[in-house]
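Q: Dropping a prediction and its sequence here:
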Amino acid sequence: MEHRPHRFACRVYLEDTDSGGVVYHASYLRFAERARTEYLRALGLSHSQLIAREGLIFVVKRLSVEYHRPARLDDSLVVITRAPVIGSASLELA
C-alpha cells in the first residue's frame, strides 16, 4: 500500500550553504528529515504524540543519497516524500 506523495516546501538559508552559497551536502539531510516529519504528521503520526502515548519513536535504519544538481542560497525547494513500503512495524520512505 502506498499513500499519496507528500510535498514539503523549504527555503535555502545561509546556514545551509558553504562559503560559495551552494548547499552543503549534509544540509540536504536536514531538509529530508523535516519533510519526513511532516509526512508522518500528515499520516497522523506526530512524533511527540507517539512518544508520549506509546513510548515509540521512528529511527532511521538506512539512508541513501543521490545528488542531482546543487541548490543555492535563497532557492525555494520542494521535498517530495512517498512510502513505497509500509510494514506492520516499519516503513520505507523515498
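A: Cool, the structure landed. Numbers count the residues shown, from 1 in each chain.
Q: which element follows the longest helix anywhere in the chain toward the C-terminus?
A: Determined from DSSP state H, the single longest helix within the chain is helix 27-42. Scanning forward in sequence from helix 27-42 by DSSP states H and E, the next helix or strand is helix 47-49.
Q: which residues are contacting the longest helix of the chain?
A: Residues outside helix 27-42 that contact it (CB atoms under 8 Å, 6 or more residues apart in numbering) are 6, 8, 10, 12, 16-17, 46-47, 58, 63, 65, 67, 71, 77, 79-81, 83, 93. Bear in mind the C-beta positions are built from the backbone N, C-alpha and C, glycine included.
Q: mind checking how far the residue nearest the centre of the chain is from A42?
A: Central residue of the chain (CA atoms, centre = their mean): A32, 2.6 Å from the mean position. Separation of A32 from A42 (CB to CB, to the nearest Å) stands at 15 Å.
Q: How about R34?
A: 13 Å.
Q: hang on, H25 packs against P70?
A: No: using CB atoms under 8 Å as the test, H25 is too far from P70 to be in contact (9.3 Å).
Q: Comparing those two, which shows the higher neighbour count?
A: P70 (16 against 11; other CB atoms under 10 Å).
Q: Quick check: closest non-adjacent residue to the more buried one.
A: Distance criterion CB to CB, 6 or more residues apart in numbering; nearest residue to P70, sequence neighbours excluded, is V22 at 4.8 Å.
Q: Relative to L91, how far out is that neighbour?
A: 32 Å.
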